[in-house]
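Participant: Next one to model:
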Amino acid sequence: MGLERADLPPPNRMGAPPRFTKWRRGQDLSLSHLIEERCRFPVECVPTGVGKTLIYITNALLTGKRTAALTSTKGLQDQLEREFPGSVVDIRGKGNYPCIGYQDIFKGYKHLLLKTGRRFEGGLPSCEEGPCFSGEQCLYKAGACHYFTSYRAALRAQIVSTNYSYWLSIHAWGGGLGNFDALALDEAHNSPAELSAHLRIELSDWEVDKILESSFPRSNSLEEWCRWAQQRLTWIELRQADLRADPRRYRERRTLAKVKAKIEYLSFIRGEWVKMKTRDGIAWQALWPGPYAESRLFLEIPQVALFSATVREKTCDLLQIPSKDRLFHEYDSPFPARRRPVYMIPTTRVDWKWTEAHKTEWVIGIDRFIKRRLDRKGIIHTVSYDRAKLLLERSDFREVMWSHTTRTTAEVVERFKAAAPPAILVSPSVMTGWNFPYEECEFQIVGKLPFPNSSDPVTKARQKDDGDYGPFLCMTNLVQMVGRGMRATDDACETGIFDDHARWFIPKYEHFAPRWFMEAIVWVDSSPKPPPKLERKEG
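Facilitator: Sure thing, here's the model as predicted:
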């Protein structure tokens, strides 16, 4: 007999900190799946607001399994440290730690002690700039070094919190973090993309010309590029021997070490990879991440649990998780659908074919929605800066619209959050990773469905190989986008979709959307009347 929900004691009696006195709906059932089921890959589609972290951390505390928790954001790592003090050990890349041994290598060469790389208090750069990166001797590595102190603590810890990028890199190129009994993939919908980013090699024209004193192979054959990389490795090793003789040439040694890591990687890759031109060089990327998931991400760990509000069976397919080894569980949202409606509002199809008349119709439709909501704040997701510019030029409400560049996103978002209504954030880049609870955002507008960029060579090759790849990414990003403004059971945020592609796309690909998202869809003939202004609960 399986463990029933009623059988679970409160979290604080199962090892969680004292403040966790009761389970939220869905948490206890998900935990019972981790404890009782014997499949290697439990897949937990846990909606926003349920609280994923308590599930997998309690599982680790209760069972005693050595567990690694992977996240896409450092913010979630910070949250884990705050919520489970003393239980979770955090480890990140060297760029997050100040290097106390950096200045030692410049004794006698003070004019070379330039402030580069990431800065910390006291003017020290990060450990990425430090001596150990390029094989120098560091007196602090075995003692006071901030990074290696954290690394040694992680090696001893029962529960380790880190990010996908560090996990993939430390096991591929470093000493690893030891053996684990369980792996929790938080934000698991991002795991194929995180693995894909890891499986990418970029070389700039400057690196090849000035550092390697060579030129790119003219061939598109991966085999030819691997041979070229092997030849360059021999040259690099000879060059490193020359540079070690002069301590003043540290920067050259460090730069060469970084390029060497890429060349070593390129020298042994095999299989299906895509070559592409970048703005300043060439990149190679694996066509699919799945063939590398076991050796780079899962590492033969006995239990690998996937957690996300938008994880689907398709996510598992992209990671080549066998059907027989996975069990998919989907949970109801704790947020009532009536407080988070997603309106399908007829306007026009937004794509490269649209005319000036279509653009005018689109702006008028969006303005009509905004006009009745000037007593509150909202977000318009434009997907591109060109459409953001169009709105800022033509909307009747452009005076209350906030926009940003690629460099000012965080600054503008913080100012928008603190602003009084009416205020509207017009952005192509807050679809994921940002939260706007309560009065920070009471309505959203989806100006265009977030179809992936088909001009990208990798995306193009994947869509040619798998016709569902593009729609799956689009639906995942749409669901993430809609969730930015609804963050608690007493929160409320309505969303209007102003792209008529949604009228065929959503019915056709609803199997890529979680059940809790489809429950909120409302088909309308025109812009609906806004709900009453949100009454914020005090205390």
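Participant: quick one, domains of the protein?
Facilitator: The chain breaks down into these domains under automatic domain parsing: 5-88+157-198+290-330, 201-286, 337-523.
Participant: what residues does the helix or strand of the chain with the lowest mean pLDDT touch?
Facilitator: Sorting the helices and strands of the chain by mean pLDDT, DSSP states H and E puts helix 74-83 at the bottom, at a mean of 87. With contacts defined as CB atoms under 8 Å, 6 or more residues apart in numbering, helix 74-83 is touched by 17, 53-54, 57, 69, 71, 88, 90, 92, 96, 161-163, 186-187. To be clear about C-beta, it is placed using only N, CA and C from the backbone, and glycine gets the same treatment.
Participant: Show me the helices in the stretch 151-300 of the chain, by range?
Facilitator: 164-172, 191-198, 205-206, 222-243, 250-268 (DSSP state H, counting those that start in this stretch).
Participant: What mean pLDDT does the last one get?
Facilitator: Meaning helix 250-268. Here helix 250-268 scores 89 as its mean pLDDT.
Participant: what about residue 289, neighbour count?
Facilitator: 22 (other CB atoms under 10 Å).
Participant: could you pull out the strands for the stretch 1-150 of the chain?
Facilitator: 41-45, 67-71, 89-90 (DSSP state E, counting those that start in this stretch).
Participant: how about those strands in TSV, adding mean neighbour count and mean pLDDT?
Facilitator: Listed next are the strands of the stretch 1-150 of the chain as TSV, based on neighbours: other CB atoms under 10 Å; pLDDT from 0 to 100:
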stretch	mean neighbour count	mean pLDDT
strand 41-45	24	97
strand 67-71	25	97
strand 89-90	19	96
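Participant: Can you add distance to residue 245 and give the ones you listed back as JSON lines?
Facilitator: Below are those laid out as JSON lines (distance: least, CB to CB, whole Å):
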{"stretch": "strand 41-45", "distance to residue 245": "52"}
{"stretch": "strand 67-71", "distance to residue 245": "41"}
{"stretch": "strand 89-90", "distance to residue 245": "39"}
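Participant: who wins for proximity to residue 260 among those strands?
Facilitator: With CB to CB as the criterion, residue 260 lies closest to strand 67-71 of the strands of the stretch 1-150 of the chain, at 27.2 Å.
Participant: Can you give the distance of that closest one from its chain's centre?
Facilitator: Distance of strand 67-71 from the chain centroid (CA atoms, centre = their mean, to the nearest Å) equals 14 Å.
Participant: do stretch 496-514 as well
Facilitator: 23 Å.
Participant: Which of the helices of the stretch 151-300 of the chain sits closest to residue 447?
Facilitator: helix 191-198 (22.9 Å).
Participant: Excluding chain neighbours, give the residue nearest to residue 52 in space.
Facilitator: Leaving aside its chain neighbours, residue 52 sits nearest to residue 307 (4.4 Å; criterion: CB to CB, 6 or more residues apart in numbering).
Participant: show me what contacts the one you found?
Facilitator: Taking CB under 8 Å, 6+ apart as the test, what residue 307 contacts is 44, 46, 52, 55-56, 184-188.
Participant: farthest-separated two in the residues you listed?
Facilitator: Checking those with CB to CB, the most distant pair is 55 and 187, at 13.8 Å.
Participant: how about stretch 348-356: buried residues?
Facilitator: The neighbour-count check on stretch 348-356 (16 or more other CB atoms under 10 Å) flags 348-350 as buried.
Participant: I'm done for today, thanks for sticking with me.
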